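> predicted model and sequence below, questions to follow.
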Amino acid sequence: DNYPDAINSVSRVVNAAVENNNSIIFLEDPVCYFPKGDEGSISYEISELFLDYFKKEMKRIKRKNNKVLFVATTNCPDKLDERIIHERVFDDVLSLSLPDRQTRAALIKMKLTELDENAVDGFVSMTEGYTSWQITKFCSELKDKNAPSMEDIKNLIDQSVKEYDDGYFENLEEFLKEIR
């Protein structure tokens, strides 16, 4: 929300990366810096300003020090300004999918060791379409309860909202083809 602060923060990080070999720049949730917006909207204009600045800084890094790895992560690449993808700001895209049934079961068993197999199975079924982070958060909230019941699990999940828009991961392959 504060464009000058964002520019100053990025500038400090970029300067440090230029001066130091083998640096990693990690940007959590680039949607905050590059939000999708309609042309003429505030988010579009801020994204445009920040994108121009960011591209210049990335070129400067590559010119001065090519031993910098830039990593950005998001659960919602569909909410990114398309220009960041079409203008090839990132060298490569790595896609990690939502956890499958087996992964969700292992995560839940690891976090809530007191749950019996039936409860784990029910929990796993209710968390299809949720991220690992959300499932971990559910487990943390349930850990406070002494032997959480299926009703406790169901109530917690019913009160939550999935992190991504329904249907996004169904179209993931098309999205990845577009950005490659």
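Cool, the structure landed.
> would you mind measuring from the spatially most central residue of the chain to Phe54?
Centroid check for the chain by C-alpha atoms, centre = their mean gives Thr74 as the closest residue, at 2.1 Å. As judged by C-beta to C-beta, to the nearest Å, Thr74 and Phe54 stand 15 Å apart. Any C-beta I mention is one placed from the backbone N, CA and C, and that applies to glycine too.
> again, but for Tyr33
Taking C-beta to C-beta, one finds Tyr33 at 7 Å from Phe54.
> hmm, back to that, got a list of what the residue nearest to the centre of the chain touches?
29-31, 80 (C-beta atoms under 8 Å, 6 or more residues apart in numbering).
> before we move on, what about Glu141?
Glu141 sits in contact with Leu156, where contact means C-beta under 8 Å, 6+ apart.
> assign a three-state SS to it, would you?
helix (DSSP: H, G, I helix; E, B strand; the rest coil).
> quick one: the longest helix along the chain to chain centroid distance?
Looking across the chain with DSSP state H, the single longest helix is helix 42-64. Taking the mean of its C-alpha atoms, helix 42-64 sits 20 Å from the chain's own mean (C-alpha atoms, centre = their mean, to the nearest Å).
> whichever helix or strand comes after that helix pairs with which strands, parallel or anti?
For helix 42-64, the succeeding helix or strand toward the C-terminus, using DSSP states H and E, is strand 68-73. Using DSSP bridges, the strands paired with strand 68-73 are strand 23-28 (parallel).
> what's the distance between Phe123 and Glu19?
Distance from Phe123 to Glu19, by C-beta to C-beta: 48 Å.
> as a whole number, average confidence for stretch 23-42?
Mean per-residue pLDDT for stretch 23-42: 77.
> contacts for the longest helix of the chain?
Here helix 42-64 has contacts from 3, 6-7, 10-11, 14, 17-18, 25, 33-38, 68, 70, 81, 83-84, 87, 89, using C-beta under 8 Å, 6+ apart.
> mind exporting that helix as PDB, just the C-alpha atoms?
This file holds the C-alpha atoms of helix 42-64, laid out as PDB (Å, rounded to 0.1, in the frame of the first residue of the first chain):
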ATOM      1  CA  ILE A  42      -4.900   2.700  -8.700                       C
ATOM      2  CA  SER A  43      -3.600  -0.900  -8.400                       C
ATOM      3  CA  TYR A  44      -2.800  -1.000 -12.100                       C
ATOM      4  CA  GLU A  45      -0.900   2.300 -11.900                       C
ATOM      5  CA  ILE A  46       1.000   1.300  -8.800                       C
ATOM      6  CA  SER A  47       1.800  -2.100 -10.300                       C
ATOM      7  CA  GLU A  48       3.000  -0.300 -13.500                       C
ATOM      8  CA  LEU A  49       5.300   2.000 -11.600                       C
ATOM      9  CA  PHE A  50       6.700  -0.800  -9.400                       C
ATOM     10  CA  LEU A  51       7.100  -3.100 -12.500                       C
ATOM     11  CA  ASP A  52       9.200  -0.500 -14.300                       C
ATOM     12  CA  TYR A  53      11.400   0.100 -11.300                       C
ATOM     13  CA  PHE A  54      11.700  -3.700 -10.600                       C
ATOM     14  CA  LYS A  55      12.700  -4.500 -14.200                       C
ATOM     15  CA  LYS A  56      15.500  -1.900 -14.100                       C
ATOM     16  CA  GLU A  57      16.800  -3.200 -10.800                       C
ATOM     17  CA  MET A  58      16.800  -6.800 -12.000                       C
ATOM     18  CA  LYS A  59      18.800  -5.700 -15.100                       C
ATOM     19  CA  ARG A  60      21.200  -3.900 -12.800                       C
ATOM     20  CA  ILE A  61      21.600  -7.000 -10.700                       C
ATOM     21  CA  LYS A  62      22.300  -9.200 -13.700                       C
ATOM     22  CA  ARG A  63      24.800  -6.700 -15.100                       C
ATOM     23  CA  LYS A  64      26.800  -6.300 -11.800                       C
END
